[in-house]
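Participant: I would like the atomic coordinates for the input below:
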Amino acid sequence: MEVPNTVEPAPERKQHPWMLLVYFIGIFIFAKVIGMIFMAMEGSPSLAGFAKLNQMIHESLDVTRHRDDSIVTVFSLFLTTLLVIPIGWVYTYTKKKAGFDPALVQTLIVMAMVVCGMMMLIQDQFSRALALVGVVSAVRFRTNLRDPKDAVYLLVSIGIGMGAGLQVYRVALWMTIVMCIVFLVLSKYQIGESPAGEANFLDSKPNKDKKDKKDKKDKKDKKDKKKKNKDAGESEVGEVPATRLGGIADSLVDTEKGVERPNTLLVLEAVDSESAIGYISHALGALEIPWHLVTVTPGDGFTTLEYMLRLDDGESAANFAASIETACGNSVRSVTVQPIEATV
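Facilitator: So this is what the prediction gives:
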């Protein structure tokens, strides 16, 4: 006999943005009350033996100094935000083909502001710098960046924050302008990038044992298919891509990261390959479908793009191909979808 579950789920607690405003107003009122108390305590004979408390009260009541520090702090943080936002724009523009990480864009802006505040706290005091090193070393960062260039964007963000925090605003400004130009030039002329082709395939790093096993299996499959094609009067050329794609699909499996084997091959003949790659990346990202760009093969008036992805079992391949063709518009002239057979 089953016992019914009578425990009701806890109601979801809603959080409103205006609560943050109320919180800061409360802090402001609290600071005013503390200031009035300090004014009443200043110069009291009963506090003659409390040197540090007297010093704290005296510094807290130094209104002119506090206003000056507040203005400089707010101005430095605001300027840091203005200077690092173009770096985020350039990052999204130069990474639109391969796909960018939205979390990294936000990290670039927040990182610069945090570094700016830290540099204003440290200033030129060596003891504070050592204390900051100890605090940061206690925090363990385990973020893996897909592209080494992403680390460069983070370093530029840190440099802008350091320049604004040290009030060297001209250096931070010129760093923003020059680095934006450099990133755009590198992206425009594709300096240092490999030629398009199957060599650009990402995350295809099988270990030696797996590669040897796959090679032996491919040789065996070739012999069997050659024999079948010979009996049927067919050529061997048409069967080789299926074996090649099956081996590539096997190499993408990563159980540690939860990457499953692709089961679908998406082939597009793109008239405008750059636009098509951007449209496809956006469309697949919106559908939350894991995908890999396999090959980019230039042709006569068009470019063949091959994607490996994993569709749900109940999803129609025809409907998926139609949605991709609609998303790409006039940038592609044909879209085909075919299953990737599982290797034995």
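
Participant: which residues of the stretch 151-300 of the chain fall in helices?
Facilitator: Assigned by DSSP state H, counting those that start in this stretch, the stretch 151-300 of the chain shows helices spanning 169-189, 208-232, 240-251, 273-287.

Participant: by mean pLDDT, show me the worst of those helices.
Facilitator: Comparing mean pLDDT across the helices of the stretch 151-300 of the chain, the weakest is helix 208-232, with a mean of 55.

Participant: which residue packs closest to Val84, ignoring adjacent ones?
Facilitator: Once flanking residues are discounted, Val84 sits nearest to Ala112: 4.1 Å by C-beta to C-beta, 6 or more residues apart in numbering. Where you see a C-beta, it was placed from the backbone N, CA and C, and this is true even at glycine.

Participant: count of residues packed around the one you found?
Facilitator: 31 (other C-beta atoms under 10 Å).

Participant: that one reaches Leu154, doesn't it?
Facilitator: No: counting by C-beta atoms under 8 Å, Leu154 is not a contact partner of Ala112; they are 9.5 Å apart.

Participant: host element of the residue nearest to Phe183 when sequence neighbours are not counted?
Facilitator: Sequence neighbours aside, Val90 is the residue nearest to Phe183 in space, at 4.9 Å (criterion: C-beta to C-beta, 6+ apart). Element membership for Val90 (DSSP states H and E) is helix 63-94.

Participant: what comes up buried for that helix?
Facilitator: For helix 63-94, the neighbour count (16 or more other C-beta atoms under 10 Å) marks Ser76, Leu77, Leu79, Thr80, Thr81, Leu83, Val84, Ile87, Gly88, Val90, Tyr91, Thr94 as buried.

Participant: and it, what does it pack against?
Facilitator: helix 102-122, helix 148-165, helix 169-189 (3 or more C-beta pairs under 8 Å, 6 or more residues apart in numbering; DSSP states H and E).

Participant: closest to Phe100 among the buried residues of helix 63-94?
Facilitator: Tyr91 (6.3 Å; C-beta to C-beta).

Participant: TSV for the buried residues of helix 63-94, including pLDDT and distance to His292?
Facilitator: Output for the buried residues of helix 63-94, formatted as TSV (pLDDT from 0 to 100; distance: C-beta to C-beta, whole Å):
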residue	pLDDT	distance to His292
Ser76	93	43
Leu77	93	41
Leu79	94	41
Thr80	94	37
Thr81	94	36
Leu83	94	36
Val84	94	32
Ile87	93	28
Gly88	92	26
Val90	92	26
Tyr91	91	22
Thr94	87	20
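
Participant: good, we can wrap up now.
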